[in-house]
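Asks: Have a look at this prediction, sequence included:
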Amino acid sequence: MAENILMKLDGATRTYTMGDVKVEALRETSLDIYSGEILVILGPSGSGKSTLLNIMGGMDLPSGGHVFLEREDLSAAGEERLTRYRRNEVGFVFQFYNLMPDLTARENVELASGLVENPLPAAGVLKEMGLEDRMDHFPSQLSGGEQQRVSIARAAAKNPRLLLCDEPTGALDYQTGKLILGLLARINRDRGSTVVIVTHNTGIGSMAHRIVRMRSGSIVEIIQNKTPVSPERIDW
Amino acid sequence: MNVLVKKMLRTIWNTRGQFLAVTAVVTVGITVYMSMTTSYFNLNASKDRFYRENNFADYYFHVVRAPQQVVKQVESLPGVAVATGRIQKDMPVVKEGDQRATARITSYAVPMEGEVNRIQLMSGRFFENNPQGGGVEVLTDLKFASANGLSFGDLVYIVADGRKAPLTLVGTGTSPEFTIAMKDAATLMPDPRTFGLIMMSHQQAQQIMNLPGQINQVIIKVAPGFNEELVASGVKHILEPYGNLASYPRSKQLSHAVLQGELDGLKASSRFMPVIFLGIAAAIQMVMLGRMIKGKRLEIGVLKALGYSSRSIILHYTGYSVATSLMGCIMGTILGAGLTSAISGMYAEIFNLPQAIGSINYQAVLYGSALSLGVGASTGLIASRGVVKINPADSMRPNPPKKGGRIFLERWEWIWKRLDSTWKMSLRTAFRNRGRFTLVLLGVTFSVGMLVMSLFSNDTIDYMIKKQFFENQGYDYLVRFSAPLKEHELLNISRIEGVLRAEPIFEIPVRVHYNGKSQEDSLQGLNVTTTLKKITDKNGRPLQLPEEGVLISERTAAKLGAREGDPVEVETLLGTGPSRRAALKIAGVNQQLVGGGSFVSIDQANGILQERSLVSGVMLKVDPGTFHVVEKKLDDMTAISSVLSRQKELANFDKNLEAMIYSILIMVMFAMVMGFAIVYNSSVISFSERKRELASLRVLGFTNREVSGLLMKENMLQSLLGVALGLPLGRLMTQGYISAVSTDLFTMPLVIYPQTYFLSTAGGLLFIWVAHLVAVRGVKKLDLVDVLKNRD
Ligand SMILES: Nc1ncnc2c1ncn2[C@@H]1O[C@H](COP(=O)(O)OP(=O)(O)OP(=O)(O)O)[C@@H](O)[C@H]1O
Ligand SMILES: [Mg+2]
């Protein structure tokens, strides 16, 4: 794997102030994310995984430290630059899918693909996700797994460099979960997208190139996985 | 199609009830704006054009009689641009079956180029000075001709010098001073059956009235840049030797005053009403969109995460309110055009204006569209400005539980303790959502206020009719003679079978002088023991007519600044015989709803003229069964110039009221639409906002009815307060309306019967209740499992 650094966190912190109480959701953290890797972030609930992922995705800014996209310091960027970053570079997959209820599957994908210069065709991506028969259904007419596949299609259609997934299998059963992870791995393999998956499910770690373990707002361990396994063969 | 646009259309579809409700309010606002502005514009334009094309006079001077040459003298005054001399006189008309009517005969130069107050021909042809085959050719106003079934070539008989003179109708016409044909300011409504306008040549008029080479009116146009009053006093000076009966500027000219009053009212409402409707529509949208955006925090966060900028998301939500405006604007323009043509049709019925007065005014369409779209866009932008603050990372986290807390009412423990828990819940929610509470309160207040304002005219008119025709007027007929008679000659009339009571009346036009000021008035001499005429002061208390002294009219007293006990001088303006002056003491101030008049004893009236026992008319109370017989007998008497019948006046009134009913109905409908839209939207919002809470109640075992009842209680709190405030507001709005339409010559009393307040309250409760029912239809459909399991 070419050690091309796509993103670099340098002493990034995130503190929430609620009245007099300060919650350090993310303590000083430094981390390099390599182009084309699958990175799995593991940790118990409340350990700061989502906080870290949100900062990577330009959804939130660090309270201290820096976030570099290649050479550009995103932590100094304004709202407009962040929007452009999210638009052009990032695809999000959420635990609860967060599809627009009043748009069909295809339209949900188009909602995202319409934002970028060279999107992948919405129908094509949905087909890849095995949804050719469901394209004109509304989210309320789809199962959880199908909704999550639409959500991945939505993220993938932008053909982003960075695909960020927060608990993508959290709301799904074992079989469906594996299917979803397989799709993510395929996007990584076929398109070279960097995929970051947040989960508290240790088993998923075995599909990653690297595993980051977190506890109470800090990275406690980074594990290189020399032999990533394809998701179909993972067990948890 | 852009996906965001598609999404907006779906949102509109999914909230179609609310969307339509807001659209309806915008529609009403634009309809009102369009129709009133256009009607105003059209009526004003056709008035201006009519006035300009026919050289409408700036000032009027009435004299007893003057030689025609005096006009040249007047015209040579600096400041007088043009002067026209003419004869104008009210004469009795004898119709078929010998019924009487009154015609205002006006004379014109032939040809009339360059003159003031020219005629605009409506049909037929102009009269000629010396028609072939002799006779007298005349024009009448269109309404008089059609009300009396006259067509070209028919003869109209007037009584002049005690003789019936035939006039040949050759056409119909109108003039700027005849836009509405009413005898005087005491006339409530035009009645073309009994009053009409007849136009003929100078020569013919002078001959018929036996005034060779004479005129009795001078009308002028003032040259630009000159002070009207200064010019007028110069003219008065010239006319002094000829018995100056009256002089007044255009603003006091009757038909102009009526038309101007209508225009002013229209202008006032065209400014005021759309502002209310569009303001309310904006407020509803503000609350609705604000609510929508709060509820769609997650969705907005996701859009931001996908890379949509705050600006494009704001525009997306603004699109919603712009869509309501657009739709409202389109429908409002269409309905407005319809309403405009109805209003124009009504004006065409009322006013004698030559041009067609209905057409679309593109400026109004442009302004209306700009107005509604502007309001929609700014509302959307303001309401969705909160989008900027939504942080995408934050929005993914579940909402913190709503703030709970005490409200001020809880400090009054003795009340609070007595409330059951559902009331407590309702009260807390109502007070916590202050913006929405205020909106509903305002909306309901305005709607109910508008209901009061729409319905009041019925009360005022009913009150005026009752006062005028039944309380103050005890007689069934008022008979006027062509020339004063001796009182004993009344026996002919009082002996007619069916006449229960006959009382003499002596009407003398006068000018009252006091302290260097003067005012024209009508002096009415009555028996001090009169039972057929009630005279009251401004508080409605009856006044006793004194042997000596005058019960002066409120208006004259106000103009002169005179009060009870003050001495005034009256100058008679009969136009025949010598003018007399006499000193009178003000014994009291009387007020009448319609018209005016100052009252003296009939002996004193005779004394002023240095006469004895003369009368100019008689008031009759007649056995209702014999109306026809008495009328027939009266018609047969030649000395009579006019017969006013209470019954016929009332009938004429009722006919004119029909048109009013429609405008009242439309206004009521508009008010109800607005009230409904507000309550409905607020209820829907409060319902969807609290779905989970309500579902929990259902799970606890509350019935559907109990849950809807909870919402109803909340609704009631705001709505009842709104109804209560709407009633006094309605009174204020009515007062504003009356002062907008009041002119120098007309004013309406502010009378609102309890029944109107009752109806407005009922109307208010009705729209509140219906809106509530429609809004909470969803309670039944509440899917408990679904609502409770869904996060967000
Ligand atoms: N907006 C916020 N305001 C206050 N505290 C916050 C906020 N966001 C996160 N936190 C706190 O920061 C800490 C880390 O939260 P984070 O969501 O990153 O955890 P997580 O590892 O994703 O947990 P989970 O597995 O439950 O999703 C938690 O203690 C959380 O309560
Ligand atoms: Mg998390």
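Replies: That came through, no problem. Ligands and ions are numbered 1, 2, ... in the order given.

Asks: Kindly report the residues of chain B close to ligand 1.
Replies: B:394, B:397 (C-beta under 6 Å from any ligand atom). (Glycine included, C-beta is placed from N, CA and C.)

Asks: With chain A instead?
Replies: A:16, A:18, A:23, A:25, A:43, A:45-51, A:200.

Asks: which of the residues you listed has the most neighbours?
Replies: A:Thr51 (26 neighbours; other C-beta atoms under 10 Å in any protein chain shown).

Asks: That residue - nearest residue in space that isn't next to it in sequence?
Replies: With sequence-adjacent residues excluded and distances taken as C-beta to C-beta, 6 or more residues apart in numbering or on different chains, A:Thr51 is closest to A:Ala25, at 4.3 Å.

Asks: Ramachandran angles for B:Ser642?
Replies: phi -150, psi 150 (degrees, to the nearest 10).

Asks: Who is the residue nearest to the spatial centre of chain A paired with across the strands?
Replies: Geometric centre of chain A, nearest residue: A:Leu164, 1.2 Å, by C-alpha atoms, centre = their mean. A:Leu164 forms beta bridges with A:Phe92, A:Val196, as assigned by DSSP bridges.

Asks: go on, B:Thr102?
Replies: B:Pro92, B:Phe195.

Asks: where do the helices sit along chain A?
Replies: Ranges of helices in chain A, per DSSP state H, are A:49-56, A:79-89, A:105-113, A:122-128, A:144-157, A:174-191.

Asks: Now mean pLDDT and distance to B:Ile12 too, for those helices, in JSON lines please.
Replies: Compiled in JSON lines, those are given as follows (pLDDT from 0 to 100; distance: least, C-beta to C-beta, whole Å):
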{"stretch": "helix A:49-56", "mean pLDDT": "92", "distance to B:Ile12": "32"}
{"stretch": "helix A:79-89", "mean pLDDT": "89", "distance to B:Ile12": "26"}
{"stretch": "helix A:105-113", "mean pLDDT": "90", "distance to B:Ile12": "16"}
{"stretch": "helix A:122-128", "mean pLDDT": "91", "distance to B:Ile12": "24"}
{"stretch": "helix A:144-157", "mean pLDDT": "91", "distance to B:Ile12": "23"}
{"stretch": "helix A:174-191", "mean pLDDT": "90", "distance to B:Ile12": "34"}
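
Asks: any chance of the ones you listed in a markdown table, with distance to B:Leu614 too?
Replies: Listed next are the helices of chain A as a markdown table, based on distance: least, C-beta to C-beta, whole Å:
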| stretch | distance to B:Leu614 |
| --- | --- |
| helix A:49-56 | 104 |
| helix A:79-89 | 95 |
| helix A:105-113 | 95 |
| helix A:122-128 | 102 |
| helix A:144-157 | 102 |
| helix A:174-191 | 112 |
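
Asks: wait, which of the ones you listed is closest to B:Pro190?
Replies: helix A:105-113 (64.7 Å; C-beta to C-beta).

Asks: quick one: low-confidence parts of chain A?
Replies: A:1-2 (pLDDT under 70).

Asks: In it, which residue sits nearest chain B?
Replies: A:Arg87 (2.6 Å; C-beta to the nearest C-beta).

Asks: Next, count neighbours for that residue.
Replies: A:Arg87: 20 neighbours (other C-beta under 10 Å).

Asks: From B:Gly498, how far out is the closest residue to it other than its chain neighbours?
Replies: Among residues not flanking A:Arg87 along the chain, B:Gly307 sits closest, at 2.6 Å (C-beta to C-beta, 6+ apart). B:Gly307 is 95 Å from B:Gly498, where distance means C-beta to C-beta, to the nearest Å.

Asks: Look at the two and report which has more neighbours.
Replies: It is B:Gly307, of B:Gly307 and B:Gly498, that has more neighbours when counted by other C-beta under 10 Å, with 24 against 18.
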